[in-house]
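> below is the sequence, then the predicted model.
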Amino acid sequence: MIFTDQLPSHSMVIVAEGSSFYLMGILTQSKADLAKKVARNTNGVKDIFTYFDIFSEAKNRLEKQDKADQSQPNSPPKFQ
């Protein structure tokens, strides 16, 4: 999963116990589906247990926009 660009590593925890994988985190539905697909296609994995909090794609876009707005200064820097 580390080599999959589309999965945010900071939003998910992976625990492997033998051939069982536990996927936990806060993701959009599309990212959760991708994480399950990658886990299913990993050699040696027999059981996958998912514990995801799903949030909407729209909320994700709004949060990214809000962070972008917050990072832009409202006025030019003042030099002393």
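Alright, I've got the coordinates.

> who are the packing partners of the helix or strand encompassing Val13?
According to DSSP states H and E, Val13 maps onto strand 12-17. Where contact means 3 or more CB pairs under 8 Å, 6 or more residues apart in numbering; DSSP states H and E, strand 12-17 is packed against strand 20-28. Any C-beta I mention is one placed from the backbone N, CA and C, and that applies to glycine too.

> and the strand it packs on, what other elements does it pack with?
strand 12-17, helix 29-40, strand 47-55.

> these into TSV, with extra columns for distance to Leu23, mean neighbour count and mean pLDDT?
Output for those, formatted as TSV (distance: least, CB to CB, whole Å; neighbours: other CB atoms under 10 Å; pLDDT from 0 to 100):
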stretch	distance to Leu23	mean neighbour count	mean pLDDT
strand 12-17	6	12	91
helix 29-40	5	16	91
strand 47-55	5	13	92
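
> out of the ones you listed, nearest to Asp5?
With CB to CB as the measure, helix 29-40 is the member of the helices and strands packed on strand 20-28 nearest Asp5 (10.5 Å).

> name the residues that touch that closest one?
For helix 29-40, the external contacting residues (CB atoms under 8 Å, 6 or more residues apart in numbering) are 1, 4, 6-8, 11-12, 14, 21, 23, 27, 45, 48, 50, 52, 54, 57.

> what about 10 Å?
Helix 29-40 is touched from outside by 1, 3-4, 6-8, 11-12, 14, 16, 21-23, 25-28, 45, 47-50, 52-57, 60, with contacts defined as CB atoms under 10 Å, 6 or more residues apart in numbering.

> cool, and stretch 9-17?
1-2, 7, 21-28, 31-32, 35, 39, 42, 44-45, 47, 49-53.

> repeat that with 8 Å
Contacts of stretch 9-17 (CB under 8 Å, 6+ apart): 1-2, 21-27, 31, 35, 39.

> got a PyMOL select line for the buried ones in the residues you listed?
The buried subset of the contacts of stretch 9-17, as determined by 16 or more other CB atoms under 10 Å, is captured in PyMOL by this line:
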select buried, resi 21+23+25+27+31+35+39
